[in-house]
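1. Below is the sequence, then the predicted model.
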Amino acid sequence: MALTKISSVFLICLFGLYSQTAKSQFCGCSPILCCSQHGFCGTSDVYCGSGCRSGPCRTSRDPVDKIVTQKFFDGIINQARNGCAGKRFYTRESFLKAANATFDFTDTVTRLEIAAMFAHFTHETEHFCNIEEVNGTSRDYCDESNRQYPCARGKGYYGRGPIQLAWNFMYGACGVDLKLDLLGQPELVGSNSTVSFETGLWFWMNSVRPVLKEGFGATIRAINGVECSGGNSSAVSARTGYYRDYCRQLGVDPGADITC
Ligand SMILES: *[C@@H]1O[C@H](CO)[C@@H](O)[C@H](O)[C@H]1NC(C)=O
Ligand SMILES: *[C@@H]1O[C@H](CO)[C@@H](O)[C@H](O)[C@H]1NC(C)=O
Ligand SMILES: *[C@@H]1O[C@H](CO)[C@@H](O)[C@H](O)[C@H]1NC(C)=O
Ligand SMILES: *[C@@H]1O[C@H](CO)[C@@H](O)[C@H](O)[C@H]1NC(C)=O
């Protein structure tokens with residue numbers, strides 16, 4: 001009897017250890033544990049110190065304007081060729097304004113998340129060269145079966161902005177949250193750079209941040225799943241290349257599961 005009790009306690013401990021290790025691969029730690037920069041759960045400085053991704057981290061997070069410095073932003077946009085429409089549109093200031101306006105973003109963002117986000121912005125816009133999707137007007141992004149967000153006559157819902165927001169239902173849902181009539185005026189996303197970044201952050205917070213802890217590969221799938229599993233390996237390697245570069249610039253480890 002006593003023996004059974006001891007062995008079951010032992011088994012429970014073993015199981016506890018096992019489940020903690022299994023979970024730790026992607027973090028998703030229990031709320032009392034820190035997720036380390038390498039994606040493991042624990043409580044010592046290795047986990048809760050520098051690079052800590054979530055949980056009771058001991059280092060205070062850097063504010064977003066200390067991460068997205070002018071140097072970091074210029075290092076990207078300066079690679080866009082002269083004559084790109086985006087060069088006179090996207091600015092660090094408008095990104096920071098949008099970040100400030102996005103509830104919860106500025107206080108919770110990490111360096112790793114900025115590296116991932118800007119890797120996608122860079123790929124989607126070709127280093128902030130494009131405001132609108134190249135030849136976007138030639139494609140139909142109106143899902144007429146969507147009754148909640150019906151297309152306005154004569155308006156195009158092709159890709160616009162840092163994340164290339166597309167489709168009537170996306171413009172519609174995003175507009176509701178931003179309190180802007182993006183169904184009636186989708187062109188706002190291409191004419192006001194703060195609005196443009198707000199749409200990027202809207203998509204990010206709703207569709208990408210929730211999978212960030214699964215690794216960068218999961219963020220590619222969230223943005224353009226068609227590219228994954230051989231759909232377009234050069235697009236995937238371009239995105240991961242930017243990600244590794246920005247992680248290096250921002251001094252964070254890119255973590256596991258980078259590709260998809
Ligand atoms: C963002 O908000 C902070 C704190 O309220 C403020 O100090 C900063 O100037 C704001 N930045 C921009 C670009 O609005
Ligand atoms: C855009 O359209 C032009 C003219 O039709 C064509 O030459 C070009 O290859 C197209 N670009 C892309 C990226 O589809
Ligand atoms: C751009 O959009 C922002 C956010 O909606 C707004 O505060 C600002 O006044 C707009 N700028 C212009 C020039 O319309
Ligand atoms: C694959 O991605 C690359 C880089 O973004 C792009 O130039 C190319 O057009 C894409 N190919 C296809 C078939 O979509």
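-> Alright, I've got the coordinates. Ligands and ions are numbered 1, 2, ... in the order given.

2. show me what contacts Cys247?
-> Applying CB atoms under 8 Å, 6 or more residues apart in numbering, we find Cys247 in contact with 111-112, 115, 253-254. Heads up, the C-betas are built off the backbone N, CA and C, glycines and all.

3. let's go with 7 Å and repeat that
-> 112, 115, 253-254 (CB atoms under 7 Å, 6 or more residues apart in numbering).

4. Helix or strand for it, just tell me which one.
-> helix 233-250 (DSSP states H and E).

5. State the mean pLDDT of stretch 137-148.
-> Averaged over stretch 137-148, pLDDT sits at 95.

6. Name the surrounding residues that touch that stretch.
-> In contact with stretch 137-148 (CB under 7 Å, 6+ apart) are residues 151, 156-158, 166-169, 172.

7. 8 Å - rerun?
-> Residues contacting stretch 137-148 (CB under 8 Å, 6+ apart): 133, 150-151, 156-158, 166-169, 172.

8. Would you format these as a markdown table with neighbour count and secondary structure included?
-> Shown next, in a markdown table, are these (neighbours: other CB atoms under 10 Å; DSSP: H, G, I helix; E, B strand; the rest coil):
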| residue | neighbour count | secondary structure |
| --- | --- | --- |
| Glu133 | 21 | coil |
| Pro150 | 14 | coil |
| Cys151 | 21 | coil |
| Gly156 | 22 | coil |
| Tyr157 | 26 | coil |
| Tyr158 | 20 | coil |
| Ala166 | 19 | coil |
| Trp167 | 18 | coil |
| Asn168 | 23 | helix |
| Phe169 | 19 | helix |
| Gly172 | 21 | helix |
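
9. I'd like to know which of those is nearest to ligand 3.
-> Gly172 (17.0 Å; CB to the nearest ligand atom).

10. Could you find the closest non-adjacent residue to that closest one?
-> Spatial nearest neighbour of Gly172, excluding adjacent residues (CB to CB, 6 or more residues apart in numbering): Tyr149 at 2.6 Å.

11. tell me how far stretch 123-130 is from the chain's mean position?
-> 15 Å (CA atoms, centre = their mean, to the nearest Å).

12. For it, buried residues please.
-> Buried residues in stretch 123-130, counted by 16 or more other CB atoms under 10 Å: 123-125, 127-130.

13. Identify the residues contacting it?
-> 76-77, 79-81, 84-87, 89-90, 121-122, 131, 159, 162-164, 223, 235, 238-239, 242.

14. End to end on that stretch, go ahead and measure it.
-> Distance across stretch 123-130, first residue to last, is 10 Å (CA to CA, to the nearest Å).

15. what does stretch 100-117 give?
-> Terminal-residue distance, stretch 100-117 (CA to CA): 16 Å.

16. again with stretch 218-234
-> Chord length of stretch 218-234, first to last residue, is 17 Å (CA to CA).

17. Ok, stretch 246-260 next?
-> Start-to-end, stretch 246-260 (CA to CA) is 19 Å.

18. repeat for stretch 221-241
-> Stretch 221-241 stretches 16 Å from its first residue to its last (CA to CA).

19. And ligand 4, is it touching that?
-> Yes: for stretch 221-241, a contact with ligand 4 is found by CB under 6 Å from any ligand atom, at 232, 234-235, 238.

20. Great, nothing more from me.
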